[in-house]
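Trainee: sharing a model prediction with you, sequence too.
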Amino acid sequence: MVHAMARVVVVFDFDKTIIDCDSDNWVVEQLGINDIFTQLLPTLPWNSLMDRMMMELHSQKKTIQDIADCLKQVPLHPKIISGIKSAHASGCDLRIVSDANTIFIETILKHYGLMDCFSEIITNPSYVDEEGRLRILHYHHHHFNSSAHGCTICPPNMCKGLVMETMRASVSAEGKSQFVYVGDGTPDFCAAMKLEQGDIVMPRKNFPLRDLIYNNKNLIKANIQEWSDGEDLGTKLQLIDAIEEKCSSLKPGTFVPADCKLQTASSISARDSFARNLLPVPR
Ligand SMILES: [Mg+2]
Ligand SMILES: [Zn+2]
């Protein structure tokens with residue numbers, strides 16, 4: 001009996017994951033408003049502070065084009081570019097969940113020719129107002145008309161766990177799916193807690209998400225596959241389509257990653273060896 005193949009949905013954080021830096025910090029530093037940023041940091045939530053910083057740039061006669069030119073200089077590791085293209089070409093559904101904003105993310109993705117690889121980008125809405133100032137709104141205010149998401153892990157403007165729940169509900173309505181979540185930060189842990197058995201969470205080594213996962217393993221149902229840098233993540237992304245083939249051969253026709261996990265997941269060492277089978281990394 002042959003079951004339908006699970007659709008693989010790869011959800012990426014953006015800052016310090018797809019790009020190695022933080023796009024907000026990059027703009028603040030490159031356009032020389034670090035001092036006022038640092039001064040106001042204790043007084044405003046991050047997202048509101050960034051909106052305020054865009055006002056600052058506008059008052060200094062910096063244009064939206066200046067901001068775009070600055071964003072196009074954000075480095076993106078060539079392996080990440082090829083890894084994303086390869087995962088997309090192999091049929092994975094790629095999405096972004098980020099606390100940056102639409103204009104920052106889309107400017108960078110378009111610059112590197114990656115925009116068409118993503119089916120959805122969930123982030124804070126941004127737009128250029130009639131005076132030419134870039135405005136950054138709050139995701140939850142904008143989409144749910146509510147200021148309180150009730151999560152104590154995430155910043156007030158966006159709860160990534162809530163985003164993942166909503167995304168899973170809409171994806172699951174269309175059939176069986178396996179989620180892979182790639183991230184580095186604390187709000188990514190909120191998203192990771194929403195993953196199910198058979199999903200994969202990919203935390204970045206030496207960043208908060210990784211430690212949160214290992215200190216709270218009872219809260220994580222997904223398999224864990226660490227990565228270290230752009231080279232490493234890009235290489236692993238190129239192998240994502242191989243996940244299914246590898247596991248499928250163990251038990252053809254069944255929903256694969258969950259089966260793989262059942263065979264091996266009882267201890268950390270078993271989990272590690274499972275992870276090696278799942279995503280072999282050439283060295
Ligand atoms: Mg991040
Ligand atoms: Zn949250």
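Mentor: Yep, that arrived. Numbers count the residues shown, from 1 in each chain. Ligands and ions are numbered 1, 2, ... in the order given.

Trainee: and the strands in the stretch 1-150 of the chain?
Mentor: Assigned by DSSP state E, counting those that start in this stretch, the stretch 1-150 of the chain shows strands spanning 7-12, 93-101, 118-124, 126-128, 134-136.

Trainee: and of these, who's closest to ligand 1?
Mentor: strand 93-101 (7.3 Å; CB to the ion). Yep, even glycine has a C-beta here, placed from its N, CA and C like the rest.

Trainee: hmm, that closest one in reach of ligand 2?
Mentor: No - contact of strand 93-101 with ligand 2 (CB under 5 Å from the ion) is absent, the minimum separation being 10.8 Å.

Trainee: name the helices or strands packed onto that strand?
Mentor: Counting contacts by 3 or more CB pairs under 8 Å, 6 or more residues apart in numbering; DSSP states H and E, strand 93-101 packs against strand 7-12, helix 46-59, helix 78-89, strand 118-124, helix 160-172.

Trainee: circling back: in CSV: the strands of the stretch 1-150 of the chain, plus mean neighbour count and mean pLDDT.
Mentor: As requested, the strands of the stretch 1-150 of the chain are exported to CSV (neighbours: other CB atoms under 10 Å; pLDDT from 0 to 100):
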stretch, mean neighbour count, mean pLDDT
strand 7-12, 22, 95
strand 93-101, 23, 97
strand 118-124, 18, 97
strand 126-128, 15, 97
strand 134-136, 21, 97
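
Trainee: go through those and name the closest to residue 32.
Mentor: Ranking these by proximity to residue 32 (CB to CB) places strand 134-136 first, at 16.1 Å.

Trainee: re earlier: hey, which of the helices and strands packed on strand 93-101 is tucked in deepest?
Mentor: Mean neighbour count (mean count of other CB atoms under 10 Å) peaks for strand 7-12 among the helices and strands packed on strand 93-101, with a mean of 22.

Trainee: anything in that one near ligand 1?
Mentor: No - using CB under 5 Å from the ion, strand 7-12 stays clear of ligand 1, with a minimum separation of 9.3 Å.

Trainee: the stretch 51-200 of the chain against ligand 2: which residues are in contact?
Mentor: Residues of the stretch 51-200 of the chain found near ligand 2 (CB under 5 Å from the ion) are 151, 153-154, 159, 161, 190.

Trainee: about what we covered before: out of the helices and strands packed on strand 93-101, flag the one nearest residue 232.
Mentor: Closest approach to residue 232 among the helices and strands packed on strand 93-101 (CB to CB): helix 78-89, 8.1 Å.
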